[in-house]
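**Q** could you work out the structure for the sequence below:
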Amino acid sequence: MAAGVATRRAYGRQPALPPTEKGSEPDLRILSVQQPTNFVNHISDHDLERYYLGMVKDEVELASLEEHLLACPACAERAESTQDYVDALRAGLTMIQED
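**A** Below is the predicted model of the structure:
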């Protein structure tokens with residue numbers, strides 16, 4: 001997980017914007033999860049649900065979410081609750097489909 005090492009060393013500095021094509025806007029979604037340990041911006045409930053539902057396909061966004069979850073105890077705790085919620089939804093859907 002070399003990317004994690006680089007991200008951890010970058011704490012305390014403003015994260016670099018991802019490369020963009022000329023004339024396009026950078027994807028600012030990932031900046032909200034690359035913060036030092038005194039996090040100002042936590043991962044949103046919506047993004048946690050997207051993560052556990054497997055809807056985060058962009059590798060940069062996925063890596064950023066995972067790095068934040070490793071470094072932020074508050075988001076890690078919320079992530080466990082979100083995972084329980086998603087698992088309950090899946091179990092409920094399975095029960096409905098079996099009927």
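**Q** only C-alpha atoms for contact and neighbour calcs from this point on.
**A** Fine.
**Q** and the helices in the chain?
**A** With DSSP state H, the ranges of helices along the chain come out as 2-9, 45-52, 59-71, 73-98.
**Q** what is the burial count for Tyr52?
**A** 17 (other CA atoms under 10 Å).
**Q** again with Leu69
**A** By the measure other CA under 10 Å, the count of residues near Leu69 is 20.
**Q** tell me the pLDDT of the closest residue to it other than its chain neighbours.
**A** The spatially closest residue to Leu69, leaving aside those adjacent along the chain, is Ala76, at 5.1 Å (CA to CA, 6 or more residues apart in numbering). In the predicted model, Ala76 carries a pLDDT score of 94.
**Q** what's the burial count for Ala76?
**A** Ala76 has 17 neighbouring residues, counting by other CA under 10 Å.
**Q** repeat that for Leu70.
**A** Going by other CA under 10 Å, the residues that sit close to Leu70 add up to 12.
**Q** ok, Asp58 next?
**A** So Asp58, with other CA under 10 Å, has 8 neighbours.
**Q** now Ile96
**A** Neighbour count of Ile96, defined by other CA under 10 Å: 9.
**Q** ok, Ala76 touching Leu70?
**A** Yes: if you go by CA atoms under 8 Å, Ala76 and Leu70 touch, sitting 7.1 Å apart.
**Q** how near is Cys72 to Leu93?
**A** As judged by CA to CA, to the nearest Å, Cys72 and Leu93 stand 31 Å apart.
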